[in-house]
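sharing a model that was predicted from the sequence below.
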Amino acid sequence: MVSTTIYAQFDANNALYLTGEVNLGNYIGVDLNINYVYKDTYTFKIGYTDNIRDAKSKPKDFNSGLIGVLLFGVGDPDDQFENFQLCVGKLYKLNPRGTIRANMSIGLGYTIIETPENWQRIDNGAGFVGNYLWDYRKHNTISLIINPKIEFPFTRYFGLTLSPMVQINKDTSYFGIGIGTMIGLLRSRIE
């Protein structure tokens, strides 16, 4: 009985849900988040993004060889942009029922950037393997995260998201748009 009372009090003022999105922009990747909403107004998000793109430093004559072609380029060099983020924001209902809302959030991210460098041309013989070897350079920085989301909580437990995102730091930036799902307690009982 105590458990039911505690849940009812939490349910009245709070929402807690997961979001997962596919991102497209100057990188391609995924965005996973745990979201908390207090009194249908204030939001807090803990998230993770992992994005890749074709390596910008790749030599023009790079060839992944026959093995690379058979594996559809798996193992080719990529620039990776990984981010752990904390964001706060405010929720705005865009319709009276609350089934369309804007979640305007901003925050900071711990960013890990990995890029290929030190390209070394090799003689690949019969062409089974690629014609270059490379090393990866990995470094960390702090990013500013701007992530307004349009959320469509169709029910109290399931919805969709559409979200432009910008991640800015001193080394490189990510900009793109994501589309995904929301699962959990999306709206409080006071709606």
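Great, that's in hand.

show me where this structure has its helices.
Along the chain, counting by DSSP state H, helices occupy 2-13, 65-70.

which of the ones you listed has the lowest mean pLDDT?
Ranked by mean pLDDT, the helices of the chain bottom out at helix 2-13, with a mean of 52.

ok, Gln80 touching Thr111?
No. Gln80 lies out of contact with Thr111 (CB atoms under 8 Å); the separation is 10.5 Å. Where C-beta positions appear, they are placed from N, C-alpha and C, glycine not excepted.

the more surrounded of the two?
More neighbours surround Thr111 than the other of Gln80 and Thr111, with 25 against 18 (other CB atoms under 10 Å).

so who does the nearest residue to the more buried one once chain neighbours are set aside touch?
Once flanking residues are discounted, Thr111 sits nearest to Ser143: 4.5 Å by CB to CB, 6 or more residues apart in numbering. Counting by CB atoms under 8 Å, 6 or more residues apart in numbering, Ser143 touches 83, 85, 108-111, 167-169, 173.

least confident pick among those residues?
For the contacts of Ser143, the pLDDT minimum is Ser173, 90.

can you pull out the low-pLDDT segments for the protein?
Applying pLDDT under 70 to the chain flags residues 1-12, 65-75, 124-129, 188-191.

pick out the residue closest to the middle of it.
Asp31 (2.4 Å; CA atoms, centre = their mean).

please name the residues that touch that residue.
Asp31 makes contact with 19-23, 47-49, 163, 165, 178, 180, according to CB under 8 Å, 6+ apart.

send me the longest strand along the chain as PDB with only the CA atoms.
Assignment by DSSP state E gives strand 101-121 as the longest strand of the chain. Listed next in PDB are the C-alpha coordinates belonging to strand 101-121 (Å, rounded to 0.1, in the frame of the first residue of the first chain):
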ATOM      1  CA  ARG A 101       5.500  19.500 -27.300                       C
ATOM      2  CA  ALA A 102       8.900  21.300 -27.600                       C
ATOM      3  CA  ASN A 103      11.600  20.200 -25.300                       C
ATOM      4  CA  MET A 104      14.200  23.000 -25.500                       C
ATOM      5  CA  SER A 105      17.400  21.800 -23.900                       C
ATOM      6  CA  ILE A 106      21.000  23.000 -23.700                       C
ATOM      7  CA  GLY A 107      24.000  21.500 -21.900                       C
ATOM      8  CA  LEU A 108      27.500  20.300 -21.900                       C
ATOM      9  CA  GLY A 109      29.100  17.200 -23.200                       C
ATOM     10  CA  TYR A 110      32.400  15.300 -22.700                       C
ATOM     11  CA  THR A 111      33.500  14.600 -26.300                       C
ATOM     12  CA  ILE A 112      35.900  12.000 -27.600                       C
ATOM     13  CA  ILE A 113      37.100  12.600 -31.100                       C
ATOM     14  CA  GLU A 114      39.000   9.900 -33.000                       C
ATOM     15  CA  THR A 115      40.600  10.600 -36.400                       C
ATOM     16  CA  PRO A 116      42.900   8.600 -38.600                       C
ATOM     17  CA  GLU A 117      46.400  10.100 -39.200                       C
ATOM     18  CA  ASN A 118      50.000   9.100 -40.100                       C
ATOM     19  CA  TRP A 119      48.900   7.500 -43.500                       C
ATOM     20  CA  GLN A 120      51.500   5.100 -44.800                       C
ATOM     21  CA  ARG A 121      51.300   3.900 -48.400                       C
END
